[in-house]
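Asker: Model the following, please.
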Amino acid sequence: MSDNTVTLHTEPSHAQLRIAIYSDRPQLREDVHSAFGTSIAPDLPAVDVIDFATGPALIRALHNKELDLCVLDGETAPLGGMGLSYQINAEIDDHPPLLVLLQRRDDAWLSTWSKADAVYLLPVDPISLPRAAAALLRPEIGETSKISET
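Answerer: Residues are numbered from 1 along each chain as shown. A predicted model of the protein is given here:
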């Protein structure tokens, strides 16, 4: 009797990556949506970008483990992305990576205080922003490939 073993390859554990964009600026949210499109890298699953205009709504989604990455606008009022990053780190265990968008390079030092995983300087670039997001997501979903910076 022969062994007829069949190996099935299943899809990644994430059928779709859920990325939050927290901003009170509609144009910035649209720019992020446009930059990400439906995929941020060929080796990663498709993305679903979800808008959040308030901190409490985003915190609820994080408590419910609904997100894989948070992109936080540092200029949002009254609670900016860095303040929200600090709050997320203090309140939520095992949260997804946090990427803070900043207008001014001089504010980047505050990311140390906010405990953000990465900082991205605006304006949104459709090549470098998806690369930054992919670099944060790969370790989260178990990918080992690296991004080369251009």
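Asker: Please look at residue 137 and residue 68 and confirm they touch.
Answerer: Yes: using CB atoms under 8 Å, residue 137 is in contact with residue 68, at 6.3 Å. Just so you know, the C-beta spots here come from the backbone N, C-alpha and C atoms, and that holds for glycine as well.
Asker: Mind listing the shared neighbours of these two?
Answerer: residue 17 (CB atoms under 8 Å, 6 or more residues apart in numbering).
Asker: Give the other helices and strands that the lowest-mean-pLDDT helix or strand in the chain contacts.
Answerer: Of all helical and strand segments in the chain, the minimum by mean pLDDT, DSSP states H and E falls on helix 110-114, at a mean of 88. If you count contacts as 3 or more CB pairs under 8 Å, 6 or more residues apart in numbering; DSSP states H and E, helix 110-114 packs onto helix 81-91, strand 98-102.
Asker: And the strands in this structure, which stretches?
Answerer: For the chain, the strands defined by DSSP state E occupy 16-22, 46-52, 69-73, 98-102, 118-121.
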